[in-house]
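Undergrad: Need a 3D model of the sequence below.
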Amino acid sequence: MYLRKLYEEGFVVGPNEDVETFLNRVSYIKEALKNPKKLIEQIEQLQGEVEVLNHSLILFKSSKKLPFWFGGMTWICELDNGVKIPILQMPKKKRFFWVDIDEVISHEQVHAKRAAFNENKFEEILAYRTSKARWRRFFGPLFSSNRQSFYFLSLASIGCLSPIFPNEWGELLLLPFAIFLLTILTNLFKNQLLFHSALKNLKKEFVFPEKIIELLTDKEIIKYALKKSSTINRSSLRWKQIHLVDT
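TA: Predicted coordinates:
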């Protein structure tokens, strides 16, 4: 039953974690939350006002190193002892009037829960499932990494210069942006289709598929989408947590 309680507190068993590894991570994070300021001081790039957000997550408020187009960011910091600890950064002032602070926190908590995962394909789709707006739930995961969003803004900025050049050169400046946009849109539609197919098939096996899909790897989600047998190790600690979460 401790696995269910820890899940409710925001601790999810990672794909490669055994009992000892998982409980050590939980124990270290809980201990760190007793003195979050000390933990933040150990991490050079993080500086700001610190508070404990919940049983498993530290929040610090600072705009330093937070890209201007981000409403928040979860740092998965790997410490010297190998423990990965999620730390949520938010700007001191709200950046986007159309997104509630609570929605940003809910989004980032998904990333924090999956701190022991290293899965990028469906990570943003899972996080944007918490959004109140349907269009954000679908188009929000357009970028699967910070690098992609940086490339997008860089190419868009270059494309904005096209009107000041002759027609042929202007079109050449727009071409990389158009190709990149088409590529990421194609990937988004493909991944959304796979994700929703997996969710549909999970409903046949689980009582709470929306919760269960957050506990799966990319490979497992694709397996369920294609109606192939699950690759989850039924003797693993993660499967035990999945079973408890679904009951």
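Undergrad: The longest helix along the chain: how far from the chain's middle?
TA: Longest helix in the chain by number of residues (criterion: DSSP state H): helix 167-202. On the basis of Cα atoms, centre = their mean, to the nearest Å, helix 167-202 sits 19 Å off its chain's mean C-alpha point.
Undergrad: next one: stretch 60-68
TA: Counting by Cα atoms, centre = their mean, stretch 60-68 comes out at 17 Å from the chain centroid.
Undergrad: again with stretch 30-41
TA: That offset, for stretch 30-41, works out to 22 Å (Cα atoms, centre = their mean).
Undergrad: Could you find the closest non-adjacent residue to the residue sitting nearest the centre point of the chain?
TA: For the chain, the residue nearest the mean C-alpha position is H111 (3.5 Å; Cα atoms, centre = their mean). Spatial nearest neighbour of H111, excluding adjacent residues (Cβ to Cβ, 6 or more residues apart in numbering): T74 at 4.1 Å. (Glycine included, C-beta is placed from N, CA and C.)
Undergrad: now K240
TA: L3 (5.9 Å).
Undergrad: Surely that neighbour touches V12?
TA: No. L3 is not in contact with V12 according to Cβ atoms under 8 Å; the separation is 9.7 Å.
Undergrad: neighbour count winner among those two?
TA: Using other Cβ atoms under 10 Å as the criterion, L3 and V12 rank with V12 on top: 23 against 20.
Undergrad: quick check, that one in a helix?
TA: No. According to DSSP: H, G, I helix; E, B strand; the rest coil, V12 belongs to no helix; its state is coil.
Undergrad: Find the residue closest to it in space, skipping its chain neighbours.
TA: Nearest one to V12, counting by Cβ to Cβ, 6+ apart, is K113 at 4.8 Å.
Undergrad: Same question for Y7.
TA: V245 (5.5 Å).
Undergrad: Which residue ranges make up each domain of the protein?
TA: Domains of the chain are assigned by automatic domain parsing as 1-118, 119-247.
Undergrad: As CSV, those domains with mean pLDDT would be great.
TA: Converted to CSV, the domains of the chain look like this (pLDDT from 0 to 100):
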stretch, mean pLDDT
domain 1-118, 81
domain 119-247, 84
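Undergrad: those helices in this protein, which residues are they?
TA: Going by DSSP H, the chain shows helices at 2-8, 19-32, 36-42, 101-113, 123-128, 134-139, 146-159, 167-202, 209-212, 218-225, 237-245.
Undergrad: Put together CSV for those, with distance to P86 on each row.
TA: Output for the helices of the chain, formatted as CSV (distance: least, Cβ to Cβ, whole Å):
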stretch, distance to P86
helix 2-8, 14
helix 19-32, 8
helix 36-42, 12
helix 101-113, 4
helix 123-128, 12
helix 134-139, 22
helix 146-159, 16
helix 167-202, 22
helix 209-212, 19
helix 218-225, 19
helix 237-245, 17
